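>>> model the structure of this input:
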Amino acid sequence: MNQYEAFINQFRGKLNFLNKKPFVNRREIKKIKSQIQAFEEGGKDVMSTYITAVTASTGVVDKNNYRTYPAMVNAAYNMFESRSEYGSEIFRGVVETRIALVGGEGLSVIAKNEKTQDWIDSFLKINKLAGSRLLNHIQTGELEGRDLLLLNLGKYNGKPYVAVSNFSWFKNNYSVEKIDTYDGIKEIKYKKVDKDGNTKEVSLPLDRTIYVQIGGTDMYPNEPVGRIHCILTDCENFSRAKYDLRKNGFLFGRVTPTWKMDYQDPGSSAESAAIKNALNSFEWEPGAGYAGTAEFNYKTPGSGAHDLLLSDMLTSLRNIATTTGIPIHFLSHPELMSNRATAENLLEMVNLSTKRDRLCWEESWTETIEKAMNYAVDSGMETSEILGEFEVKLPLISLATLKNLIEVWFPLVGDVVSMGTFRNMLPGIDPSQEKKNIEAEKKEAVKKAQENPLFQNNTMTKINGGDNGAERNNNANPAVNTGTR
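Coordinates of the predicted model:
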């Protein structure tokens with residue numbers, strides 16, 4: 001029996017004792033049952049390498065329900081995968097929007113050495129880091145506030161290559177020990193269960209490990225709380241308000257026919273009884289005719305509760321937008337950002353709110369490529385010729401950024417900055433591939449020009465004397481060189 005089961009059994013033992021006198025202890029019994037239910041829903045098996053902590057959420061609507069890192073990560077995955085009662089419909093959209101803002105334009109890598117560039121391009125292509133797997137790593141970083149990349153040897157089309165794999169904390173529950181003097185890693189370890197069921201602690205090789213910390217602080221290196229962890233309760237509250245709005249609409253949003261009687265009219269009682277009988281026997285339905293002395297009308301419920309719930313939803317959306325850096329008009333409420341100039345300026349705020357994340361990923365991918373190159377050389381797959389300097393960028397483009405590139409940076413190309421540096425600023429392209437494409441197009445243009453008959457005739461003319469030869473021919477023929485009279 002583990003510690004968690006022993007803790008639950010204490011509650012069950014107390015419940016059995018109270019059940020001996022259920023009438024006297026009914027309030028205490030109800031309280032104990034609710035506590036047991038909460039712990040059973042939140043607990044995890046400590047014998048697995050899955051999350052071991054008990055989630056702290058008990059579904060309170062007026063406070064933060066997630067105050068421990070394991071509870072935050074567990075709730076984040078449940079909401080993202082639509083396994084939670086509340087929050088899934090807004091949370092996944094927010095996370096995937098953040099992923100697109102951070103890495104949607106893809107990795108841009110420029111190297112000075114051509115062989116270094118070719119190896120990096122191949123490395124990114126085989127590991128799909130120029131596409132979907134890059135976004136998968138960023139997704140893990142958003143949901144966990146960190147990511148751990150492992151380098152191993154793999155085979156692609158029968159040839160060995162350096163493979164990059166994702167080592168999730170949510171699945172492996174690893175711990176990180178940092179060096180105090182600088183931002184370095186001293187040890188990364190996790191508990192592994194062998195085939196005999198024995199648990200042992202394993203340390204990961206640091207020369208093939210890249211730790212990416214997106215959230216948190218240096219005070220708590222093993223609790224890197226990210227931006228999305230701070231909006232879990234707001235996503236739940238948004239979802240609760242939405243379902244309350246749906247429930248109110250279903251129960252109270254129906255139009256109800258009414259008949260107002262004059263109590264002083266002697267026949268009002270008989271008429272009222274006739275109307276009730278007709279309604280009970282379904283002899284009357286809305287739209288059918290009515291003849292009588294009662295004042296007929298349709299009643300609809302007031303909009304106070306509806307407006308309150310909408311206000312609650314918008315308050316949650318504002319909190320989500322502020323924390324994540326996603327403009328609120330991106331969250332399906334464009335009417336809240338009607339000013340066009342302000343909406344465009346908010347893209348600059350998006351750039352600022354994702355800048356730290358993109359810097360962390362740029363540094364981490366630089367470290368990943370460096371370790372991967374050294375691993376390939378040390379393993380004998382490549383020679384040291386592939387080693388060289390390179391630069392990694394995760395660009396984010398906006399209207400103002402594009403305008404800045406065109407008006408400010410492009411005129412500086414050639415005299416102040418290189419074309420390679422400028423290409424590395426552009427999103428949505430592979431700078432090295434674009435350079436190769438441009439060189440190929442230039443060679444093709446020269447080849448076509450050389451095959452053009454006019455180009456060949458002009459070349460032969462220059463070889464035979466050029467303009468001087470033509471002048472001699474003109475002088476030989478007086479009819480041609482007549483001048484102007």
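
>>> hmm, residue 207 and residue 188 touching each other?
No: at 11.7 Å, residue 188 does not count as touching residue 207 under the criterion of C-beta atoms under 8 Å. C-beta coordinates here come from the backbone N, C-alpha and C atoms, glycine included.

>>> so which of those two has more stuff around it?
Legend: neighbour count by other C-beta atoms under 10 Å for residue 188 and residue 207, higher for residue 188 (20 against 10).

>>> wasn't that one part of a strand?
Yes: the assignment for residue 188 by DSSP: H, G, I helix; E, B strand; the rest coil puts it in a strand.

>>> now it: how far from residue 179?
Applying C-beta to C-beta, to the nearest Å, the value for residue 188 to residue 179 is 12 Å.

>>> mind listing what residue 208 touches?
150, 151, 152, 371, 375 (C-beta atoms under 8 Å, 6 or more residues apart in numbering).

>>> can you tell me how far it is from residue 245?
52 Å.

>>> what's the answer for residue 308, then?
10 Å.

>>> and those two? which has more neighbours close in?
For residue 308 versus residue 245, neighbours defined as other C-beta under 10 Å are more numerous around residue 245 (18 against 14).

>>> relative to residue 87, how far out is that one?
15 Å.

>>> also residue 293?
From residue 293 to residue 87 the distance is 54 Å (C-beta to C-beta).

>>> before we move on, what about residue 378?
Taken as C-beta to C-beta, the span from residue 378 to residue 87 is 46 Å.

>>> repeat that for residue 145.
Distance from residue 145 to residue 87, by C-beta to C-beta: 18 Å.

>>> now residue 152: which helix or strand?
For residue 152, the host element (DSSP states H and E) is strand 146-156.

>>> which other helices and strands does that strand contact?
Judged by 3 or more C-beta pairs under 8 Å, 6 or more residues apart in numbering; DSSP states H and E, strand 146-156 is in contact with helix 132-144, strand 159-166, strand 209-213, helix 340-378.

>>> turn those into a markdown table, including distance to residue 174 and mean pLDDT.
Below are the helices and strands packed on strand 146-156 laid out as a markdown table (distance: least, C-beta to C-beta, whole Å; pLDDT from 0 to 100):
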| stretch | distance to residue 174 | mean pLDDT |
| --- | --- | --- |
| helix 132-144 | 11 | 94 |
| strand 159-166 | 12 | 92 |
| strand 209-213 | 9 | 93 |
| helix 340-378 | 16 | 84 |
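
>>> can I get these in JSON lines with distance to residue 219?
As requested, the helices and strands packed on strand 146-156 are exported to JSON lines (distance: least, C-beta to C-beta, whole Å):
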{"stretch": "helix 132-144", "distance to residue 219": "18"}
{"stretch": "strand 159-166", "distance to residue 219": "26"}
{"stretch": "strand 209-213", "distance to residue 219": "12"}
{"stretch": "helix 340-378", "distance to residue 219": "17"}
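
>>> next, format the ones you listed as a markdown table and append mean neighbour count and distance to residue 110.
Conversion of those to a markdown table gives the following (neighbours: other C-beta atoms under 10 Å; distance: least, C-beta to C-beta, whole Å):
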| stretch | mean neighbour count | distance to residue 110 |
| --- | --- | --- |
| helix 132-144 | 20 | 17 |
| strand 159-166 | 16 | 20 |
| strand 209-213 | 22 | 20 |
| helix 340-378 | 17 | 12 |
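
>>> closest to residue 222 out of those?
strand 209-213 (10.0 Å; C-beta to C-beta).

>>> just checking, what packs against whichever helix or strand comes after that closest one?
Where DSSP H and E defines the elements, the next helix or strand beyond strand 209-213 is helix 232-252. Helices and strands touching helix 232-252, as assessed by 3+ C-beta pairs under 8 Å, 6+ apart, comprise helix 69-80, helix 88-103, helix 304-324.

>>> just say which of those helices is most tucked in.
Comparing those by mean neighbour count (mean count of other C-beta atoms under 10 Å), helix 69-80 ranks first with a mean of 22.

>>> enumerate every residue touching the residue nearest the centre of the chain.
The centre of the chain sits closest to residue 99, judged by C-alpha atoms, centre = their mean, with a distance of 2.6 Å. Contact analysis of residue 99 by C-beta under 8 Å, 6+ apart lists 135, 138, 139, 142.

>>> name the nearest residue to it, ignoring sequence neighbours.
Spatial nearest neighbour of residue 99, excluding adjacent residues (C-beta to C-beta, 6 or more residues apart in numbering): residue 138 at 5.1 Å.

>>> how near is the one you found to residue 331?
20 Å.

>>> what's the answer for residue 386, then?
Taken as C-beta to C-beta, the span from residue 386 to residue 331 is 45 Å.

>>> same question, residue 117
Applying C-beta to C-beta to residue 117 and residue 331 gives a distance of 40 Å.

>>> and what of residue 288?
45 Å.

>>> neighbour count for those two, which is higher?
With neighbours defined as other C-beta under 10 Å, residue 288 and residue 331 compare such that residue 331 has more, 21 against 8.

>>> stretch 416-429 - what's its average pLDDT?
Confidence for stretch 416-429, expressed as mean pLDDT, is 69.

>>> check stretch 280-292 too.
On average, stretch 280-292 scores 71.

>>> repeat for stretch 110-126
On average, stretch 110-126 scores 90.

>>> residues of that stretch that come out buried?
110, 111, 116, 117, 119, 120, 121, 123, 124, 126 (16 or more other C-beta atoms under 10 Å).

>>> how about residue 379, nearest residue that isn't a chain neighbour?
Closest to residue 379 by C-beta to C-beta, 6+ apart is residue 153, at 6.5 Å.

>>> please read the previous query as pertaining to residue 272.
residue 261 (5.5 Å).

>>> also residue 243?
residue 86 (7.5 Å).

>>> in this structure the one you found contacts residue 240, no?
Yes: here residue 86 reaches residue 240: they are 5.6 Å apart, a contact under C-beta under 8 Å.

>>> now for those two: what residues contact both?
With C-beta under 8 Å, 6+ apart, residue 86 and residue 240 have no common neighbours.

>>> got CSV for the contacts of residue 99, with distance to residue 227 too?
CSV is the format used below for the contacts of residue 99 (distance: C-beta to C-beta, whole Å):
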residue, distance to residue 227
135, 17
138, 13
139, 14
142, 8
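
>>> now do the end-to-end distance for stretch 219-238.
32 Å (C-alpha to C-alpha, to the nearest Å).

>>> circling back to that earlier point, beta partners of the residue nearest to residue 379?
residue 162 (DSSP bridges).

>>> what about it, distance to residue 443?
37 Å.

>>> now swap in residue 256 and tell me
Distance from residue 256 to residue 443, by C-beta to C-beta: 80 Å.

>>> with residue 272 instead?
96 Å.

>>> okay, the two: which has more neighbours?
residue 272 (15 against 10).

>>> I figured that one hits residue 293, correct?
No: counting by C-beta under 8 Å, residue 293 is not a contact partner of residue 272; they are 10.5 Å apart.

>>> tell me the domain ranges of the chain?
63-251+316-396, 254-300, 398-449, 452-485 (automatic domain parsing).

>>> quick one: mean pLDDT for the last one?
Same thing as domain 452-485. 52.
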